[in-house]
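Novice: got a predicted structure plus its sequence, pasted below:
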Amino acid sequence: MMAMGRAARAASRELGVMAPERKTRALQAAAATLRAAVPEILAANARDLEEARAGGQNAAFLDRLLLDAGRVAAIADSIDDIAALPDPVGAVTSEWKRPNGLVIQRVRTPLGVIGVIFESRPNVTADAGALCLKAGNAVILRTGSGALRSAIAIHAAMTRGLAAEGVPPTAIQLVPVADREAVGLMLAGLDGALDVIVPRGGRSLVARVQAEARVPVFAHLDGNCHVYIHEKADAAMAKTVLLNAKLRRTGVCGAAETLLVDRTAAPALLAPLVGALLDAGCAVRGDADAQAADPRVTPATEADWATEFLDAIIAVKVVDGLDAAIAHIERYGSHHTDCIVTADAAAAGRFLREVDSAIVMHNASTQFADGGEFGFGAEIGIATGRMHARGPVGVEQLTSFKYVVRGAGTVRP
């Protein structure tokens, strides 16, 4: 691990000054070698899936782990999308001139070396590696045992592409073992080699990283996302947005976990929305109003309002207006992604201003909480903190900045 850290630091110095065109060609080559390696990637993934099923993993875990030809093609396309993004390194984000003649610029710079710790999401290998390289950073990736074979196959294909373009393969490194001691060493910073840690996985992993890391962390603990159906919501839109937000993919962090229905809208909308969820195979845990709307609803507990189910389960509550919806989200939410469905522009404006989440939405599925959907090419994760990065972490968020000051023999009196 220490040798990987030293190699990453050396690679980061080269990447930090690498011409944008060279990084672009390297990523395009990585995408091409990934497409060529589909058979070996799928064979490795089949072994991971077999082991996961034998271990009794749930459907959400298996969905996150599963690769097929279409998903591998999408991963390669994502790398190409990242390659096509404007290079952030060296971009001047602000410039001004002082009365004394000094010209000051704020210029984007790479963060350095990034450690990414993730669980059972093989696509993160490619997304994180490509994003970090595009932003001029070296990266050390560590996945859990459940996705290790798949990650190794993806990583091997990508680094063949990098090497073909003369980019050091140590720019993107993967810890080749599932030993948990590797995580501890990364959290300690690999003797100063790591500049930031990004965890991507369940609550226990993220909590450990936040508690033990001795370097800065970009992270979120939960994706407890809400859909609030306002009194002036269109019924058809409410149903379409809700079903997509909850059920498109239940195991992603942007999946809706709680439905809030305005009491004024409840007589017309509560039963149809709850019925649509149940008919689609989603379990509903609700308050007294939701239980009265459909006998298939089971009682919600206090813990359900704060739970990220990552499964076909949703909590449902009737609230007394916009203020109560915002208060519920503030109390139980995780500051990830929350949505209001309404035709009332003023109500939507209040919701978007007052809900303190990294992503707030109006009349759109919470499953758009994704770097690719934001035009970032991909994301390394969703950050819900308030320092440095918030929301989808793409190439711009993987940079810092420095001030470049130019004078003409200028001295301070």
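Specialist: Yes, it's here.

Novice: any weak-confidence spans in the protein?
Specialist: For the chain, residues meeting the criterion pLDDT under 70 lie at 220-221.

Novice: helices along that one, start to end?
Specialist: 2-16, 20-36, 38-54, 59-65, 69-84, 123-134, 148-164, 181-187, 203-212, 235-247, 266-279, 288-293, 322-332, 345-354 (DSSP state H).

Novice: just the buried positions in the shortest one, please.
Specialist: Under the neighbour-count criterion of 16 or more other C-beta atoms under 10 Å, helix 288-293 has 289-291, 293 buried. Backbone N, C-alpha and C define where each C-beta goes, glycine included.

Novice: next one: the second one
Specialist: By neighbour count with 16+ other C-beta under 10 Å, helix 20-36 contains the buried residues 23-35.

Novice: cool, and the first one?
Specialist: Of the residues in helix 2-16, those buried by neighbour count under the rule 16+ other C-beta under 10 Å are 4-5, 7-12, 15-16.

Novice: which residue packs closest to residue 283, ignoring adjacent ones?
Specialist: In space, residue 283 comes closest to residue 313 once its chain neighbours are excluded; the distance is 4.6 Å by C-beta to C-beta, 6 or more residues apart in numbering.

Novice: that neighbour contacts residue 278, doesn't it?
Specialist: No - the pair residue 313 and residue 278 fails to qualify as a contact (C-beta atoms under 8 Å) at a distance of 11.3 Å.

Novice: next, show the common contact partners of those two.
Specialist: Listed as contacting both residue 313 and residue 278 by C-beta atoms under 8 Å, 6 or more residues apart in numbering are residue 284.

Novice: thought residue 42 was touching residue 67?
Specialist: Yes - the pair residue 42 and residue 67 passes the contact test of C-beta under 8 Å, sitting 6.1 Å apart.

Novice: more neighbours: which of the two?
Specialist: Ranked by neighbour count (other C-beta atoms under 10 Å), residue 42 and residue 67 place residue 67 first, with 23 against 17.

Novice: and for the closest residue to the more buried one other than its chain neighbours, the neighbour number?
Specialist: Using C-beta to C-beta, 6+ apart and skipping residues adjacent in sequence, the residue nearest residue 67 is residue 45, 4.2 Å away. By other C-beta under 10 Å, 23 other residues sit near residue 45.

Novice: now do the contacts for residue 45.
Specialist: By C-beta under 8 Å, 6+ apart, residue 45 lies in contact with 65-67, 122, 149-150, 153.

Novice: so which of these is the closest to residue 240?
Specialist: residue 66 (25.9 Å; C-beta to C-beta).

Novice: tell me the contacts of the closest one?
Specialist: So residue 66 contacts 45, 49 (C-beta under 8 Å, 6+ apart).

Novice: over to residue 76?
Specialist: By C-beta under 8 Å, 6+ apart, residue 76 lies in contact with 31-32, 34-35, 126.

Novice: can you pick out the most distant pair from the residues you listed?
Specialist: 32 and 126 (12.7 Å).

Novice: just flag the most distant two among the contacts of residue 45.
Specialist: Across the contacts of residue 45, the longest distance by C-beta to C-beta is 14.2 Å; it joins 66 and 153.

Novice: walk me through the domains of the chain.
Specialist: Domains of the chain are assigned by automatic domain parsing as 2-218+393-406, 225-368.

Novice: out of the ones you listed, flag the one nearest residue 382.
Specialist: Comparison of the domains of the chain against residue 382 by C-beta to C-beta identifies domain 225-368 as nearest, at 6.0 Å.

Novice: wait, residue 350 touches residue 321, no?
Specialist: No - using C-beta under 8 Å, residue 350 makes no contact with residue 321, being 10.9 Å away.

Novice: of the buried residues of helix 20-36, closest to residue 106?
Specialist: Residue 106 has its nearest neighbour among those in residue 23, at 21.9 Å by C-beta to C-beta.

Novice: and the gap between residue 102 and residue 174?
Specialist: Taking C-beta to C-beta, to the nearest Å as the measure, residue 102 falls 45 Å from residue 174.

Novice: if we can go back for a sec, neighbour-wise, which of the contacts of residue 45 leads?
Specialist: residue 122 (30 neighbours).
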